[in-house]
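[1] Quick one, fold the following:
(one chain, ligands or ions: 1)
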Amino acid sequence: MAQLELLKINVAGEWRLGGGEEYESLYPATGEPIARLRAASLADVDEAIAGAHRAFLTSGWAQKLPHERASVLYRVAQLIRENAERLAQQQRLDNGKPISETRALVASAAGTFQFFAAACETLEETITPSRGPFVTMSVHEPMGVVAAITPWNSPIASEAQKLAPALAAGNAVVVKPAEVTPLMALELARLCEEAGVPRGIVSVLPGKGSVIGDAITQHPLVKRVSFTGGTTTGKHIAHIAADKMMPVSLELGGKSPTMVLEDADLDHAVNGVLYGIFSSSGESCIAGSRLFVARSIYDEFLTRLTERAAALRVGDPADERTQMGPLITARHREGIERYVALGVSEGGRIRTGGVRPHGQALESGYFYTPTILEGLDNRARTAQEEIFGPVLVAMPFDTEADLIAQANDSIYALAAGVWSRDFKRAWRLGRAVQAGTVWINTYKQFSISTPFGGWRDSGLGREKGREGIFQYMEQKSLYWGTNEHPLPWAN
Ligand code: NDP
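    Okay, the predicted model is just below:
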């Protein structure tokens, strides 16, 4: 096979080879390299941040009027749409998601730029009630250089979710994509450049998080980090942020409960539970990975769910009919296999899955079958720890009080699902469950206009929504004196 050309990274607007180690990005469905690049070096980090700082001060981006910045961001949205199919195919190769999913992610990235362009040009400052001879206002200013650190599971969507509001707010942004999925962030940087974002305002620094991500977080010129990833990494970043007195937003892990009550519409609930855990091969922070089903319908529900899970189409991500692609890496699949073995050693029974799928076409990729475990207690490690794969732990419940106690018994509190036809019960449970997002009679639906984030070990801060833009701004109060006379004290 012909040697792949080395990809360039973006250091303060300059496209060039990174100064770090050379590595390959692999197609998870075959294990074949699809891109070759050199990671950023620590010197690249310093140069990118210094360049971003300069661009923030001198490029005029921060000083543009909001509607002027918005018009550039609308253009980014348009360019994403014009390049949609190419981007969707590239993201499929980069992280192995089925093409139907990567198309949806690309569309959502375009929608995110459009939304924050609109938010930017319609943002209002507040005049607060005056309590003296002055007019008081609350305004927001851009912060300077901010960083976006993203995971590998939904690259273009996660990167757009940080880049669009941070740019709308007038900042310079340094993006550190996951080492294994560098392509989408680089593509977004190219589209931003083409749309007219000034040189140096966006940099993309692929490389190891523990080296490059850490150096970015520690850098004194970085005024905010927006991070999506694992809870351990999030806590590490929070410690650094505490020392720098730097605000952070942390979108972290989950072990989300889905609750199926005896009066649920079972057709809807079966589809919702399947989609909630097995779409994206379960590599989703909001995966509904703990299932609680009313004991009276448990057997019937599990039988239906198991049949449908076993029939899910696992395979070639390029096939439009594929429902589950491969896992991200061979190492990640091994981690999932260890969790399934742990579940069994804890007393769990495998209802379906628990193996790699057969078939030559799947042998070189990192595929795994949709897996349902039962017979475990909610306190079992398999029911408490985030597996980040297609593994569902199913448990019966007896009373509503017991259900809520178990659903809330987790260090995580990112999302939850309730399935019931009784709207009062659904409302009660929806309010009682502790989670950043609750879906009632649906699951894993998203809207850029609705804030998203977690409680407890699932994170800090919120992304999305109009307010999402304020995450990347400092608030300032202005007092504008209207005195007819000098201040009396000095008289
Ligand atoms: P990680 O925390 O390992 O990595 C996330 C990002 O952080 C990567 O870019 C990674 O780089 C980087 N990173 C790693 N170490 C450091 C460090 N010391 N300082 C700065 N950056 C660092 O998570 P995973 O990649 O394993 O992603 C899966 C996790 O992400 C799951 O726990 C999942 O729940 C969570 N997630 C949360 C979401 C949410 O919105 N709440 C959405 C999606 C995922 P590198 O690539 O080199 O490791």
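[2] residues in contact with the nearest residue to Phe452 once chain neighbours are set aside?
    Spatially, and ignoring its direct neighbours in sequence, Phe452 is nearest to Lys464 (4.8 Å; C-beta to C-beta, 6 or more residues apart in numbering). All C-beta spots, glycine's among them, are computed from the backbone N, C-alpha and C. By C-beta atoms under 8 Å, 6 or more residues apart in numbering, the contact set of Lys464 is Gln161, Ser447, Ile448, Ser449, Thr450, Pro451, Phe452.
[3] Now the buried members of these.
    Buried by 16 or more other C-beta atoms under 10 Å: Gln161, Ile448, Phe452, out of the contacts of Lys464.
[4] sorry, back to before: how much space separates the residue nearest to Phe452 from the ligand?
    Computed as C-beta to the nearest ligand atom, to the nearest Å, the Lys464 to the ligand distance reads 10 Å.
[5] Numbering from 411 from now on, please.
    With the count now opening at 411, the last piece we talked about shows up as Lys874.
[6] thinking again about what came up before, among the buried ones among the contacts of Lys874, which are located in helices?
    Among the buried ones among the contacts of Lys874, the members found in helices (DSSP state H) are Gln571.
[7] Let me have the buried ones among the contacts of Lys874 in CSV, adding pLDDT and distance to Tyr484 as columns.
    What follows is these, written out as CSV (pLDDT from 0 to 100; distance: C-beta to C-beta, whole Å):
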residue, pLDDT, distance to Tyr484
Gln571, 98, 17
Ile858, 97, 14
Phe862, 97, 23
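[8] Can you tell me which of the buried ones among the contacts of Lys874 is nearest the ligand?
    Lowest distance from the ligand to the buried ones among the contacts of Lys874 (C-beta to the nearest ligand atom) belongs to Phe862, with 6.8 Å.
[9] Pretty sure that closest one sits against Gln855.
    No - the criterion here is C-beta atoms under 8 Å, and Phe862 misses it with Gln855 at 11.3 Å.
[10] Quick check: neighbours shared by those two?
    Common neighbours of Phe862 and Gln855, using C-beta under 8 Å, 6+ apart, do not exist here.
[11] can you map out the helices along the stretch 711-860 of the chain?
    All helices of the stretch 711-860 of the chain, identified by DSSP state H, counting those that start in this stretch, fall at 740-755, 770-773, 791-794, 810-817, 833-842.
[12] which parts of the stretch 711-860 of the chain sit against the ligand?
    For the stretch 711-860 of the chain, the residues in contact with the ligand (C-beta under 6 Å from any ligand atom) are Glu796, Phe798, Leu824.
[13] and with 8 Å instead?
    His742, Glu796, Phe798, Leu824 (C-beta under 8 Å from any ligand atom).
[14] right, and the third one touches Ser691 too?
    No - shown here, Phe798 and Ser691 do not form a contact pair, counting by C-beta under 8 Å, at 9.3 Å.
[15] Please identify which of the two sits among more neighbours.
    Between Phe798 and Ser691, counted using other C-beta atoms under 10 Å, Ser691 has the larger neighbour count: 32 against 26.
[16] For the more buried one, give its distance to the ligand.
    According to C-beta to the nearest ligand atom, Ser691 and the ligand sit 13 Å apart.
[17] And for Ser540?
    41 Å.
[18] so that residue sits in a helix?
    No - Ser540 is assigned coil when assessed by DSSP: H, G, I helix; E, B strand; the rest coil, not a helix.
[19] pull the CA atoms of stretch 745-764 into CSV?
    Output in CSV follows, covering the C-alpha atoms of stretch 745-764 (Å, rounded to 0.1, in the frame of the first residue of the first chain):
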residue,chain,number,x,y,z
GLY,A,745,-11.4,-3.3,28.6
ILE,A,746,-15.0,-4.0,27.7
GLU,A,747,-14.3,-7.7,27.7
ARG,A,748,-12.8,-7.5,31.1
TYR,A,749,-15.9,-5.7,32.4
VAL,A,750,-18.2,-8.5,31.0
ALA,A,751,-15.9,-11.1,32.7
LEU,A,752,-16.1,-9.1,35.9
GLY,A,753,-19.9,-8.9,35.6
VAL,A,754,-20.0,-12.7,35.4
SER,A,755,-17.6,-13.1,38.3
GLU,A,756,-19.9,-10.8,40.3
GLY,A,757,-22.8,-13.2,39.7
GLY,A,758,-24.2,-11.8,36.5
ARG,A,759,-25.7,-13.9,33.7
ILE,A,760,-25.2,-13.0,30.0
ARG,A,761,-28.6,-12.8,28.3
THR,A,762,-27.2,-12.0,24.9
GLY,A,763,-23.8,-11.0,23.5
GLY,A,764,-20.7,-11.1,25.6
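[20] pLDDT value on the residue nearest to the spatial centre of the chain, please?
    The residue lying closest to the centre of the chain (C-alpha atoms, centre = their mean) is Ser568, at 4.5 Å. Here, the pLDDT recorded for Ser568 equals 97.
[21] And Ile559, by the same measure?
    With respect to pLDDT, Ile559 scores 98.
[22] what residues does the stretch 461-610 of the chain put near the ligand?
    Residues of the stretch 461-610 of the chain that fall close to the ligand, judged by C-beta under 8 Å from any ligand atom: 559-564, 568, 586-591.
[23] and the residues you listed, which are buried?
    The neighbour count (16+ other C-beta under 10 Å) marks 559-564, 568, 586-591 as buried among these.
[24] same question for the helix ranked longest in the chain, mean pLDDT?
    If you go by DSSP H, the chain has its longest helix at helix 509-532. For helix 509-532, the mean pLDDT works out to 98.
[25] now swap in stretch 464-472 and tell me
    Rounded mean pLDDT across stretch 464-472 is 98.
[26] hmm, who's touching that stretch?
    Here stretch 464-472 has contacts from 422-423, 479, 552, 554-555, 577, 580-582, 607-611, using C-beta under 8 Å, 6+ apart.
[27] What is the nearest of the residues you listed to the ligand?
    Of those, the one sitting nearest to the ligand (C-beta to the nearest ligand atom) turns out to be Val555, at 15.5 Å.
[28] dump the residue contacts of the residue nearest to Gly682 when sequence neighbours are not counted.
    Distances taken as C-beta to C-beta, 6+ apart place Tyr853 nearest to Gly682, at 4.4 Å, with adjacent residues excluded. For Tyr853, the contact set (C-beta under 8 Å, 6+ apart) comprises Thr668, Gly682, Val683, Tyr685, Gly686, Gly698, Gly827.
[29] Out of those residues, give me the one that has the most neighbours.
    Gly827 leads these on contacts (other C-beta under 10 Å) with 30 neighbours.
[30] isn't that residue right up against Gly664?
    No - if you go by C-beta under 8 Å, Gly827 and Gly664 don't touch, sitting 11.8 Å apart.
[31] so where does Val486 fall, helix or strand?
    helix 476-492 (DSSP states H and E).
[32] Give me the distance from that helix to the chain's centre.
    When distances are taken as C-alpha atoms, centre = their mean, to the nearest Å, helix 476-492 is centred 22 Å away from the chain's centroid.
[33] With stretch 748-755 instead?
    27 Å.
[34] pLDDT averaged over that stretch, what's the number?
    98.
[35] before we move on, what about stretch 666-678?
    Across stretch 666-678, pLDDT averages out at 98.
[36] Ok, stretch 811-819 next?
    For stretch 811-819, the mean pLDDT works out to 98.
[37] returning to what we had before: rebuild the helices of the stretch 711-860 of the chain as TSV, extending it with mean neighbour count.
    Below are those laid out as TSV (neighbours: other C-beta atoms under 10 Å):
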stretch	mean neighbour count
helix 740-755	16
helix 770-773	12
helix 791-794	19
helix 810-817	17
helix 833-842	15
